[in-house]
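Participant: Sequence first, predicted coordinates after that:
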Amino acid sequence: MVLGAIGKLALRRSFSSKLFEDLVLMVRFLKIMGLSGTKDLLRYSLAILVGVFAVRAVANGVLVPYAIRTELALFKYFKSLTDGIVEVKRVLIRNISSVRSEGRDSPEDLVGKLANDVDFIVWNINGVLTTLLPNLLTGIASAATVASFSHQIGALTAVTLIPYIVYAEAYSRRIEAYRSEERRSYSVTMARIKDIVYGGSDDGGLERALGIWRSSVLNILWMDRLYWGASLATALTSMSLIAVISTRDLREDSIDPGSMAGILSAALTAHMGMLNAMWAMCVQGQTSAAIKRLIIYSKLFEKAEKAVGKT
């Protein structure tokens, strides 16, 4: 029975999507920001963000007055993010004794969580949302445009977009451990530097922390290069294949020159859109490591929300 349970767990993990898990984790953190007193982020600001991208898609980057209006609308969104950073830190600091007991963190790591992790998470989530939404919509719309010229090439284009998802999934499964190590060593580095600045002594801990941080960052950079290298190679190979098939169809009079130009342009846009959209998911994979360092305090935010409701 034990072996059967282990087998089921391993099977579930092998077929579970890390990208989906990271998205769920991001939503949980956004909910925490809402509990900490920034409900506007969930109620209005994210809707503003989606609306802005919809307007820009319709305007197609040509109508300058629309672009100016959307920038003004985005101020509300960015203000909510800033307020969220402040409120999350306030809740943690007000409950510092509970934070120490629940997280069982070293003082050095706790300093990093309060001083840097919240900012890292919120601005990374912003980067994910502002990159994922427009590029994913662009990729889907462009693939549909290819299909409108040729169903066969449209289907091929859709299939050739799948590898980006595979690369992002593999990236997310590996990157979390590296980013977790980087966050911990960064926290230690901050605390050690503070001690030295205030006249304290160092027993070599700073040098060790810097070494660990450097190793973690190099691993992250290597994973970045693998994703981009594989993705750009996929884009080049896919576009070459689509160009060959389009040329064949042109010679067979299945499509005209204008259609071929439209197919190649839309297919390239689809690939670049999906490549960048999945890169946003890779960034979210890094952010998940930091979110998990703070998500253990979710009960504190629920208590804070209840306290606000009673007043």
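Facilitator: Done, it's in. Numbering: from 1, shown residues only.
Participant: can we go C-alpha only for contacts and neighbour counts from here?
Facilitator: OK.
Participant: Could you give the average pLDDT over stretch 87-96?
Facilitator: For stretch 87-96, mean pLDDT is 75.
Participant: for the spatially most central residue of the chain, what are its contacts?
Facilitator: Note on the chain: the residue nearest the mean C-alpha position is Gln284, at 2.5 Å, using C-alpha atoms, centre = their mean. For Gln284, the contact set (C-alpha atoms under 8 Å, 6 or more residues apart in numbering) comprises 22-23, 26, 124-125, 128.
Participant: go on, Ala277?
Facilitator: 131-136.
Participant: got those residues as JSON lines, with distance to Gly205 columns?
Facilitator: Formatted as JSON lines, these follow (distance: C-alpha to C-alpha, whole Å):
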{"residue": "Thr131", "distance to Gly205": "38"}
{"residue": "Leu132", "distance to Gly205": "39"}
{"residue": "Leu133", "distance to Gly205": "42"}
{"residue": "Pro134", "distance to Gly205": "44"}
{"residue": "Asn135", "distance to Gly205": "43"}
{"residue": "Leu136", "distance to Gly205": "44"}
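Participant: which parts of whichever helix or strand the residue nearest to the centre of the chain is part of are buried?
Facilitator: Applying DSSP states H and E as the criterion places Gln284 in helix 257-294. Across helix 257-294, burial judged by 16 or more other C-alpha atoms under 10 Å covers 259-260, 262-264, 266-291, 293-294.
Participant: One more: stretch 145-159?
Facilitator: In terms of neighbour count (16+ other C-alpha under 10 Å), stretch 145-159 has its buried residues at 145-147, 149-150, 153-154, 156-158.
Participant: contacts for that stretch?
Facilitator: Under C-alpha under 8 Å, 6+ apart, the answer for stretch 145-159 is 143-144, 238, 242, 245-246, 255, 259, 262-263, 266-267.
Participant: Recalculate using a threshold of 7 Å.
Facilitator: Residues from elsewhere that reach stretch 145-159, judged by C-alpha atoms under 7 Å, 6 or more residues apart in numbering: 143-144, 242, 259, 263, 266-267.
Participant: And the buried residues of stretch 145-159, which two are furthest apart?
Facilitator: Pairwise distances across the buried residues of stretch 145-159 peak at 13.7 Å for Phe149 and Ala158 (criterion: C-alpha to C-alpha).
Participant: got the contact list for Val122?
Facilitator: Contact analysis of Val122 by C-alpha under 7 Å, 6+ apart lists 81, 85.
Participant: How much space separates it from Glu252?
Facilitator: 53 Å (C-alpha to C-alpha, to the nearest Å).
Participant: Skip the chain neighbours and tell me the closest residue to Ala235.
Facilitator: Once flanking residues are discounted, Ala235 sits nearest to His271: 6.2 Å by C-alpha to C-alpha, 6 or more residues apart in numbering.
Participant: shouldn't that neighbour be in contact with Pro163?
Facilitator: No: if you go by C-alpha atoms under 7 Å, His271 and Pro163 don't touch, sitting 10.4 Å apart.
Participant: report the angle between the axes of the biggest helix by length in the chain and helix 257-294?
Facilitator: In the chain, assigned by DSSP state H, the helix with the most residues is helix 205-251. Computed by axes from the mean of the first three to the mean of the last three C-alpha atoms, to 10 degrees, the angle separating helix 205-251 from helix 257-294 equals 160 degrees.
Participant: Check what pLDDT Leu137 gets.
Facilitator: 84.
Participant: Tell me which of the contacts of Gln284 fall in helices.
Facilitator: Counted as lying in helices by DSSP H, out of the contacts of Gln284, are 22-23, 26, 124-125, 128.
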